[in-house]
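*Asks:* fold the following and give me the result.
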Amino acid sequence: MELDFRKLHAAKLFDFSKGEEELILEIYENLFQNYDLSVIDIENSPYNDFKTDDEIPLITPKICYFITDIYRKFSFYLFIVSKTGTTVKGARTTREYDSLQIWGLKKLNEDFGFITINKKKLADKIAGIFSSFNINFNKDLDFKDFYVLGSDQYRTLSFLTSERKKTIKAVPDDEFQLTVKNDLLSFGLPKELSVNNALMTAAFLKEI
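*Replies:* Next comes the predicted model:
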């Protein structure tokens, strides 16, 4: 279909290459087929509530989608972000950005404190680096392949309902990054932007 997005939001696409613009439009079209969505200003999203003022801005949001369904049973935000590269010593590269990625935010129904969840890798298991994390799921056969850090153990366990654990376990990419900051959940893949990554992120945020 011919998308109004190109005409109405041309200013949001001006600093992308032609190939990146085509990919962004393809992602929009695929999301449009599955969800109700609109392009909104970053300031009208929870982005500024989630980020910290003292963080190094290596990730810069460029486009924000507000996504829901016609019955408003769920809603979340997807961000196409520019990821600035760094050298081995941590200095920024001279390019405006090295890659585009997609990340999402979802407002939760209560304050769960601070939580991070990641999938364990084989090398990490061998090194035993997870002993310092304060929520131990080694005896939980359903969740033993994940490490969890939470500021409040009881709120963390309250967040990890059986349904949420099932949704997290079903993520097909092991490199996902999930963070909860109070009543906001951030989820993303630190990988190059693609239609598949966008649909995967949207599907996860819908279900979590």
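
*Asks:* show the pLDDT at the closest residue to G188 other than its chain neighbours.
*Replies:* What sits nearest to G188 in space, not counting adjacent residues and going by Cβ to Cβ, 6 or more residues apart in numbering, is W103, at 3.4 Å. Just so you know, the C-beta spots here come from the backbone N, C-alpha and C atoms, and that holds for glycine as well. Note on W103: pLDDT of 95.

*Asks:* same check, this time on S82
*Replies:* Model confidence at S82, given as pLDDT, is 89.

*Asks:* quick one: the nearest residue to D41 once chain neighbours are set aside from I27, how far?
*Replies:* Closest residue to D41 apart from its sequence neighbours, by Cβ to Cβ, 6+ apart: C64 at 7.1 Å. Taking Cβ to Cβ, to the nearest Å as the measure, C64 falls 13 Å from I27.

*Asks:* list the buried ones in stretch 67-87?
*Replies:* For stretch 67-87, the neighbour count (16 or more other Cβ atoms under 10 Å) marks 67, 76-84 as buried.

*Asks:* turn those into JSON lines, including distance to K51.
*Replies:* Shown next, in JSON lines, are the buried residues of stretch 67-87 (distance: Cβ to Cβ, whole Å):
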{"residue": "I67", "distance to K51": "20"}
{"residue": "F76", "distance to K51": "17"}
{"residue": "Y77", "distance to K51": "13"}
{"residue": "L78", "distance to K51": "16"}
{"residue": "F79", "distance to K51": "11"}
{"residue": "I80", "distance to K51": "16"}
{"residue": "V81", "distance to K51": "11"}
{"residue": "S82", "distance to K51": "14"}
{"residue": "K83", "distance to K51": "14"}
{"residue": "T84", "distance to K51": "15"}
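
*Asks:* report all helices and strands that the one helix or strand the residue nearest to G188 maps to contacts.
*Replies:* In this assignment (DSSP states H and E), W103 forms part of strand 99-107. Packed against strand 99-107, as judged by 3 or more Cβ pairs under 8 Å, 6 or more residues apart in numbering; DSSP states H and E, are the following elements: helix 18-34, strand 59-68, strand 75-83, strand 184-188, helix 195-207.

*Asks:* out of the ones you listed, nearest to V171?
*Replies:* V171 lies closest to helix 195-207 among the helices and strands packed on strand 99-107, at 6.1 Å (Cβ to Cβ).

*Asks:* check which helices and strands that closest one sits against.
*Replies:* Counting contacts by 3+ Cβ pairs under 8 Å, 6+ apart, helix 195-207 is packed against helix 18-34, strand 75-83, strand 99-107, strand 184-188.

*Asks:* can I get the ones you listed in a markdown table including distance to I40?
*Replies:* Formatted as a markdown table, these follow (distance: least, Cβ to Cβ, whole Å):
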| stretch | distance to I40 |
| --- | --- |
| helix 18-34 | 13 |
| strand 75-83 | 8 |
| strand 99-107 | 12 |
| strand 184-188 | 16 |
